[in-house]
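Colleague: Build me a structure from this.
(chains A, B, C and D)
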Number of protein chains: 2
Amino acid sequence: MTTEKRRAPAGAAVLRDEITTAIRRALMQELAAVGYGRLSIEAVARRAGVSKTAIYRRWSSKLDLVLEIVAAAAHGKLPALDTGTLRGDLALLFQAVAHALRHPLASQIIPDLLAEAARNPSIDATLRQVLHARQQEIGGRLVTRAVQRGELPADTELDAAIDLIVGPLYWRLAIARLPLTDGYLDNLVDSVAAGLGADSVLPRPRAAPMSG
Amino acid sequence: MTTEKRRAPAGAAVLRDEITTAIRRALMQELAAVGYGRLSIEAVARRAGVSKTAIYRRWSSKLDLVLEIVAAAAHGKLPALDTGTLRGDLALLFQAVAHALRHPLASQIIPDLLAEAARNPSIDATLRQVLHARQQEIGGRLVTRAVQRGELPADTELDAAIDLIVGPLYWRLAIARLPLTDGYLDNLVDSVAAGLGADSVLPRPRAAPMSG
DNA sequence: ACACGTCGGGACGCAACCGTACCGTCGTTG
DNA sequence: CAACGACGGTACGGTTGCGTCCCGACGTGT
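Modeller: Numbering: from 1, shown residues only, chains lettered A, B, ... in the order given. All right, here's what the predicted structure looks like:
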């Protein structure tokens, strides 16, 4: 690299945020529409209404583009999640997950990338950072607190607990893609709490049919 | 169509089973390697060591090819699954699922196609026939018998039960892709049984820590 | 033994996409 | 106010895959 400092880009020679934003949005839409496998830079550029060059100036490759944008998008809100009871935490977590997976883009992009991760080490690594690690963190806090309160046995294994917590809801929303019927989440809280070995709480009455 | 009956193909003019088989195998491998999105007929032909024509003579399109072969492959063995207890049935089912998802091809193809199903109605319909319907059938039998034995409450909802049964194991094997540690399946049987609301059986001792 | 007719294979035209090079444009900096 | 320099966009060659057509090869049925 040259030691002399060039003058910093300025004026028209600076990346325009509006275009960057348009590319990000278009990428997510394309990813949802055709999946990572069929994703093409040209289609992203078309959808964003920009030129391919605009994309290549910002990201070096298709993989780079997807990784950066997906990672950034996943760095969103994570629930505070400290209601004081295991069931409360579970209920909050499930609502957050259900809300996230309701997003039509997310519900298509996430399973797609997770499948792609099985054959693409870079995607795998990124998803493990932004998804699995976060789950471990949230799940870990949830379980640890429940153990401290005496709601869960002390020898609860975190990995297995996470499978139990995330698996059913993910299956229903992302794989089977069945609707969430009234009371489903409430029942799920009970079931998962029981499955985790929650200290024999009285099984609450099955979710009462909603009045409305 | 002509009313006159042509002589039936014979001799060299009949589809050779060996080639059909080679195409089937190559398709599965390609599907696992690149996914449905990137799947190309040319690559399948190359891998099978046949010409594209050989494929087009047998299937009309890429979609047709995938649907027929995947459906046929999924029409495999399904466990008898009538051990007399809920836990026995669950244990058997989990072993069967774990065995199936251990197959490296299956563990890549299934999540890939499930993700693709979210945007391709034909794939969605096919998978619902060969996967979901079968799950409903197996899960239905399992739950029904457990209810009859008094092991599960009578108002158990089948859909929610299936989510609980399949979700955690699928998540671990196909999504998180973590190994099955010793005793994992045993613990999962307990957890899922408890989650289903199994009539307070004594929680079996947690899988004893392995000596190693 | 011959004719039949589909077989598998190679070649072709067409379309899409990749990544790059080039070009005129534009706002800031000195 | 003039020069700078990256901007966005178009155009390009190369690659890949699709779906089709034509060809000689081949084994069975007459």
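
Colleague: The residue of chain A found nearest chain B and B:Arg128, how far apart?
Modeller: Proximity of chain A to chain B (Cβ to the nearest Cβ) peaks at A:Gly37, 2.3 Å away. (C-beta placed from N, C-alpha, C; glycine too.) Applying Cβ to Cβ, to the nearest Å, the value for A:Gly37 to B:Arg128 is 22 Å.

Colleague: same check, this time on A:His99
Modeller: 25 Å.

Colleague: Compare these two (neighbour count), which wins?
Modeller: B:Arg128 (16 against 12; other Cβ atoms under 10 Å in any protein chain shown).

Colleague: From B:Gln129, how far off is the closest residue to that one other than its chain neighbours?
Modeller: Leaving aside its chain neighbours, B:Arg128 sits nearest to B:Ala117 (8.0 Å; criterion: Cβ to Cβ, 6 or more residues apart in numbering or on different chains). Here B:Ala117 is placed at a distance of 11 Å from B:Gln129 (Cβ to Cβ).

Colleague: the more surrounded of these two?
Modeller: It is B:Ala117, of B:Ala117 and B:Gln129, that has more neighbours when counted by other Cβ under 10 Å, with 22 against 14.

Colleague: Next up, the contacts around that one.
Modeller: Going by Cβ atoms under 8 Å, 6 or more residues apart in numbering or on different chains, B:Ala117 touches B:123-124, B:127-128.

Colleague: so which of those residues is the most crowded?
Modeller: B:Leu127 (22 neighbours).

Colleague: my guess is that residue meets B:Asp112, correct?
Modeller: No - B:Leu127 lies out of contact with B:Asp112 (Cβ atoms under 8 Å); the separation is 11.1 Å.

Colleague: returning to what we had before: which pLDDT value belongs to the residue nearest to B:Arg128?
Modeller: Note on B:Ala117: pLDDT of 95.

Colleague: ok, now how distant is it from DNA strand D?
Modeller: 19 Å (Cβ to the nearest atom of the strand, to the nearest Å).

Colleague: cool, and A:Ser122?
Modeller: Counting by Cβ to the nearest atom of the strand - A:Ser122 and DNA strand D are separated by 20 Å.

Colleague: swap in A:Phe94?
Modeller: For A:Phe94, the distance to DNA strand D - Cβ to the nearest atom of the strand - is 41 Å.

Colleague: Can you report how many residues neighbour that residue?
Modeller: A:Phe94 has 21 nearby residues by other Cβ under 10 Å.

Colleague: Contact partners for it?
Modeller: A:169, A:185, A:188-189.

Colleague: quick one: which of the residues you listed has the most company?
Modeller: A:Leu188 (26 neighbours).

Colleague: from what I can see it touches A:Tyr170, true?
Modeller: No - at 11.5 Å, A:Leu188 does not count as touching A:Tyr170 under the criterion of Cβ under 8 Å.

Colleague: where along chain A do the helices fall?
Modeller: Here chain A has its helices, by DSSP state H, at A:17-38, A:41-48, A:52-58, A:62-74, A:86-102, A:104-117, A:121-127, A:133-149, A:158-170, A:184-195.

Colleague: For those, give me CSV that also has distance to B:Arg58.
Modeller: Below are these laid out as CSV (distance: least, Cβ to Cβ, whole Å):
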stretch, distance to B:Arg58
helix A:17-38, 24
helix A:41-48, 31
helix A:52-58, 38
helix A:62-74, 33
helix A:86-102, 39
helix A:104-117, 27
helix A:121-127, 33
helix A:133-149, 44
helix A:158-170, 37
helix A:184-195, 44
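
Colleague: Of all these, which one is nearest B:Lys52?
Modeller: helix A:17-38 (20.2 Å; Cβ to Cβ).

Colleague: Show me the contact partners of that closest one.
Modeller: So helix A:17-38 is contacted by A:39-40, A:43-45, A:47-50, A:54-55, A:58, A:65-66, A:69-70, A:72-73, A:104-105, A:108-109, A:112-113, A:116, A:123, B:34-39, B:115-116, B:119 (Cβ under 8 Å, 6+ apart).

Colleague: Can you select the buried ones among the residues you listed for me in PyMOL?
Modeller: A single PyMOL command selects the buried members of the contacts of helix A:17-38 (16 or more other Cβ atoms under 10 Å in any protein chain shown):
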select buried, (chain A and resi 39+43+44+45+47+48+50+54+55+58+65+66+69+70+108+109+112+113+116+123) or (chain B and resi 34+35+36+37+38+39+115+116+119)
